[in-house]
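Visitor: Would you be able to build a 3D model of this:
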Amino acid sequence: MELSRVKLVKGQIRVPSDKSISHRAVILGAIAEGKTYVEDWLVSADTLATLRVIRSLGVKVVRKGTNLVIEGTDYTFREPQDVLNCANSGTTARLMLGVLSTQPFFSVLTGDRSLRNRPMLRVVEPLRQMGASLDGRHHADKLPICVRGGSLKGISFFNKRASAQVKSSLLLAGLRAEGYTEISEPYSSRDHTERMLKAFGVNLYKMEGKDGHIVKMEGFQKLYGTKVVCPADPSSAAFFCALALLVEGSELILKDVLVNPTRDGFYRKVRQMGGHVEYTNLRELGGEPVADVVVRGGNRLKSVEVKPEEVPSLIDELPILAVLMAFAEGTSVVRGAQELRVKESDRIKAIVENLRAMGAKVEELEDGFIIEGSMSLKGATIKTYGDHRIAMAFSVAGLVAQGKTYIDDPNCVKVSYPNFYKDLFSVVQT
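Guide: Okay, the predicted model is just below:
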């Protein structure tokens with residue numbers, strides 16, 4: 001795909017619904033008793049992988065466009081007849097390892113080439129401590145992983161990486177574990193699972209302790225089907241926000257955006273950089289804070305530092321934040337983001353390599369990068385490594401760079417945002 005500099009960004013758009021909430025709505029609806037109604041569900045390659053896995057376990061789901069009706073099983077699934085394919089979705093794999101660890105049958109999870117190389121031991125080890133039997137390649141650090149679940153016991157676990165996927169997997173297992181499951185984190189990861197569990201009738205305790213943030217839950221609680229409305233994904237909206245900020249005279253309204261404080265770190269950081277980002281019509285939707293985000297371009301951006309404790313709230317937005325940093329005045333630093341190394345690609349490497357190709361001065365760190373900001377970037381051929389967020393971030397860079405930019409694999413955006421380019425071109429003037 002070839003991209004050139006645009007003159008203006010204007011209008012309003014409602015980006016697709018949040019991927020994290022869409023995954024969880026299907027999984028919690030499946031384990032609940034009764035029907036769950038999901039509105040504005042994200043239809044993407046990743047979320048469809050979760051839907052296929054759930055259906056393979058005997059769950060009846062009716063989908064009409066972006067609306068779902070899920071017939072809950074009260075945590076009683078049918079043994080799958082085949083391997084469960086999670087495609088490219090790490091959320092599907094890690095959360096379903098927790099769910100399947102509660103089931104008294106044999107199952108196998110796998111994924112595509114990229115997912116089969118992503119680390120799973122961070123979930124597997126605590127699930128083994130709870131009593132599940134899991135085995136696979138590299139001591140079950142890599143998919144395929146076979147699971148023999150059954151009688152579990154609650155554990156206390158320190159989630160040192162502050163990973164929402166690890167926390168969610170253990171909470172889903174803990175729902176069918178004897179006693180209490182307690183998870184502590186040095187700083188709070190995404191809390192969508194906790195919020196949604198409460199909406200399904202589960203009692204959770206959140207507190208502060210010597211190890212940081214603690215979530216505690218008693219086992220064998222029943223979930224009851226409910227209604228879930230999925231707000232717009234702040235990670236998807238971030239690409240449009242960044243583009244509007246970088247084009248003088250632009251004004252863009254992003255509708256119904258999730259602004260959960262464990263997820264809106266990008267927008268807070270952009271304000272620190274001097275960007276005009278305003279929350280309007282702030283309200284609650286299904287237990288989650290939602291707002292319309294107004295973005296105005298033209299403000300000179302200044303450099304900023306991302307500290308390790310800030311990373312969980314903007315981990316998925318770091319590629320597009322890096323693009324903003326390349327245009328900012330001064331030197332920006334990101335530390336504590338080693339998790340980027342094991343996403344759909346090595347995102348630190350991809351960010352550094354592509355920014356350098358566009359003329360930026362970047363130093364690669366083991367856990368992040370240092371970017372010396374400048375007034376402009378030049379067009380280049382972008383290596384996406386099949387990673388949707390790299391493709392989208394550098395598509396934005398291509399629309400504000402001098403000359404032409406080529407995206408080597410634009411189709412990889414289908415993982416989270418199938419209509420990304422259509423929506424992007426709908427708000428730009430060339």
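
Visitor: Next up, the contacts around Phe220.
Guide: 175-178 (Cβ atoms under 8 Å, 6 or more residues apart in numbering). Any C-beta I mention is one placed from the backbone N, CA and C, and that applies to glycine too.

Visitor: and those residues, which are buried?
Guide: Taking 16 or more other Cβ atoms under 10 Å as the criterion, what is buried in the contacts of Phe220 is 175-177.

Visitor: can I get these in a markdown table with distance to Val333?
Guide: Below are the buried ones among the contacts of Phe220 laid out as a markdown table (distance: Cβ to Cβ, whole Å):
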| residue | distance to Val333 |
| --- | --- |
| Leu175 | 40 |
| Arg176 | 44 |
| Ala177 | 41 |
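
Visitor: For Gly58, state which of the residues you listed is nearest.
Guide: Nearest to Gly58, judged by Cβ to Cβ, of the buried ones among the contacts of Phe220 is Arg176 at 16.8 Å.

Visitor: Surely that closest one and Pro104 touch.
Guide: No - with contact defined as Cβ atoms under 8 Å, Arg176 does not count as touching Pro104 (10.3 Å).

Visitor: before we move on, back to that, from the contacts of Phe220, which single one is nearest Met196?
Guide: Using Cβ to Cβ, the contacts of Phe220 come closest to Met196 at Leu175, 12.3 Å.

Visitor: For that closest one, what are phi and psi?
Guide: phi -60, psi -20 (degrees, to the nearest 10).

Visitor: what do you get for the one 5 residues further on?
Guide: Main-chain torsions, Tyr180, degrees, to the nearest 10: phi -100, psi 140.

Visitor: Quickly note the distance from it to His23.
Guide: Note on Tyr180: its distance to His23, by Cβ to Cβ, to the nearest Å, is 25 Å.

Visitor: Take the contacts of Phe220 and write them to TSV, including distance to Asp112, secondary structure and pLDDT.
Guide: Formatted as TSV, those follow (distance: Cβ to Cβ, whole Å; DSSP: H, G, I helix; E, B strand; the rest coil; pLDDT from 0 to 100):
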residue	distance to Asp112	secondary structure	pLDDT
Leu175	29	coil	97
Arg176	29	coil	97
Ala177	31	strand	97
Glu178	36	strand	97
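
Visitor: low-scoring stretches of the stretch 251-400 of the chain, by residue?
Guide: Judged by pLDDT under 70, the stretch 251-400 of the chain has no weakly predicted residues.

Visitor: quick one: the helices in it?
Guide: With helices called from DSSP state H, counting those that start in this stretch, the stretch 251-400 of the chain shows them at 265-272, 318-327, 347-357, 388-398.

Visitor: closest one to Thr36 among these?
Guide: The closest of the helices of the stretch 251-400 of the chain to Thr36 is helix 388-398. By Cβ to Cβ, the value is 27.4 Å.

Visitor: Could you name the helices and strands sitting against the helix or strand following the closest one?
Guide: Once the chain leaves helix 388-398, the next helix or strand it forms, by DSSP states H and E, is strand 405-407. Counting contacts by 3 or more Cβ pairs under 8 Å, 6 or more residues apart in numbering; DSSP states H and E, strand 405-407 is packed against strand 2-3, strand 381-382, helix 388-398.

Visitor: Centre-most residue in this structure?
Guide: In the chain, the residue lying closest to the centroid (Cα atoms, centre = their mean) is Ser20, at 5.5 Å.

Visitor: do you know how far the closest residue to it other than its chain neighbours is from Val228?
Guide: In space, and not counting its chain neighbours, Ser20 is closest to His192: 5.2 Å by Cβ to Cβ, 6 or more residues apart in numbering. Distance, His192 to Val228, using Cβ to Cβ: 11 Å.

Visitor: got any residues that touch both of these two?
Guide: In terms of Cβ under 8 Å, 6+ apart, His192 and Val228 are both contacted by the residues Ile21.

Visitor: The two: who's more crowded?
Guide: Taking neighbours as other Cβ atoms under 10 Å, His192 and Val228 compare with Val228 leading, 27 against 22.

Visitor: Quick check: the more buried one vs Phe200, distance?
Guide: Val228 is 9 Å from Phe200, by Cβ to Cβ.

Visitor: what is in contact with those two at once?
Guide: With Cβ under 8 Å, 6+ apart, Val228 and Phe200 have common neighbours Leu28.

Visitor: continuing past the host helix or strand of Val61, what's the next helix or strand?
Guide: According to DSSP H and E, Val61 maps onto strand 60-64. Reading on from strand 60-64 to the C-terminus, the next helix or strand found by DSSP H and E is strand 67-71.

Visitor: which residues are contacting that next one?
Guide: Residues outside strand 67-71 that contact it (Cβ under 8 Å, 6+ apart): 25-26, 29-30, 32, 35-41, 54, 59-62, 225.

Visitor: From those, list just the buried residues.
Guide: 25-26, 29-30, 32, 35-36, 38, 40-41, 54, 59, 61, 225.

Visitor: With pLDDT as added columns, please give those residues in TSV.
Guide: Listed next are the buried ones among the contacts of strand 67-71 as TSV, based on pLDDT from 0 to 100:
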residue	pLDDT
Ala25	98
Val26	98
Gly29	98
Ala30	98
Ala32	98
Lys35	98
Thr36	98
Val38	97
Asp40	96
Trp41	97
Ile54	98
Val59	98
Val61	98
Gly225	97
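
Visitor: Narrow those to those in strands?
Guide: Counting by DSSP state E, the part of those found in strands is 35-36, 38, 61.
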